[in-house]
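Enquirer: structure for this input, please:
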Amino acid sequence: MYRRIPNLYRLAMPQTVPSSAAPIRVVVADDQPSFREFIRTILSRATSVRFEVVGEAGDGAEALTLVRALRPDAVVSDLYMPEMNGIELRAAVQSEFPDITIVLVSADPPSGQSARSTVLSKAALTSDALAAALAPEGQR
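Expert: Coordinates of the predicted model:
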């Protein structure tokens with residue numbers, strides 16, 4: 001007696017978003033160019049949602065200028081940056097564009113965070129975690 005084994009290859013393959021789905025447009029802000037490249041890479045590997053990095057900034061003030069010019073769907077920002085930090089950037093963006101999703105990341109996230117001020121750890125950042133934080137509720 002043989003049991004039928006499901007096609008494991010098919011089960012292991014990630015479910016991808018149809019190419020016709022509009023990408024989530026993202027601005028990335030971090031004072032380290034290598035980390036901005038890392039964010040680009042993990043967003044390109046997300047399988048549940050498509051992302052398009054439309055701008056990169058080295059500090060919060062530059063990121064705010066990009067947000068005003070490009071009107072992205074989301075911003076991924078380092079918590080600690082020169083000129084304007086991530087918390088100041090989030091406050092400025094939310095006051096002008098309340099529909100833009102903002103995700104803060106840090107190598108040293110603060111403890112005791114509220115749901116509104118969650119900061120993702122850079123060390124534990126994955127494409128799935130970032131996609132879940134950036135994607136609108138209906139696309140998760």
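
Enquirer: CA atoms for contacts and neighbours, from now on please.
Expert: OK.

Enquirer: element containing Leu130?
Expert: Secondary structure assignment for Leu130, by DSSP states H and E: helix 127-134.

Enquirer: which residues outside that helix are in contact with it?
Expert: With C-alpha atoms under 8 Å, 6 or more residues apart in numbering as the test, helix 127-134 has contacts from 42-43, 45-46, 48-49, 74, 101-103, 140.

Enquirer: state the mean pLDDT of that helix.
Expert: When pLDDT is averaged along helix 127-134, the result is 76.

Enquirer: and if you look at stretch 83-96?
Expert: pLDDT averaged over stretch 83-96 gives 92.

Enquirer: so what's the gap between that stretch and the chain middle?
Expert: A distance of 16 Å separates the centroid of the chain from that of stretch 83-96, by C-alpha atoms, centre = their mean, to the nearest Å.

Enquirer: cool, and stretch 47-55?
Expert: With C-alpha atoms, centre = their mean, you get 8 Å for stretch 47-55.

Enquirer: what about it, average pLDDT?
Expert: Per-residue scores along stretch 47-55 average to 89.

Enquirer: got it, and stretch 66-76?
Expert: Averaging pLDDT along stretch 66-76 yields 95.

Enquirer: ok, and what's touching it?
Expert: In contact with stretch 66-76 (C-alpha under 8 Å, 6+ apart) are residues 24-29, 54-57, 93, 99-105, 134.

Enquirer: also stretch 30-46?
Expert: So stretch 30-46 is contacted by 28-29, 50-53, 56-59, 77-78, 81-82, 126-128, 130-131 (C-alpha under 8 Å, 6+ apart).

Enquirer: just the CA trace of that stretch, in CSV.
Expert: Output of stretch 30-46 as CSV, limited to C-alpha atoms (Å, rounded to 0.1, in the frame of the first residue of the first chain):
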residue,chain,number,x,y,z
ASP,A,30,19.3,55.6,6.2
ASP,A,31,22.7,57.4,6.7
GLN,A,32,24.5,54.1,5.7
PRO,A,33,24.4,53.5,1.9
SER,A,34,25.0,49.8,2.5
PHE,A,35,21.9,49.5,4.6
ARG,A,36,19.8,51.3,2.0
GLU,A,37,21.1,48.7,-0.6
PHE,A,38,20.1,45.9,1.9
ILE,A,39,16.6,47.3,2.1
ARG,A,40,16.4,47.5,-1.7
THR,A,41,17.5,43.8,-1.9
ILE,A,42,15.1,42.4,0.7
LEU,A,43,12.2,44.4,-0.8
SER,A,44,13.0,42.9,-4.2
ARG,A,45,12.8,39.4,-2.7
ALA,A,46,9.4,39.9,-1.1
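
Enquirer: fine by me, we can end here.
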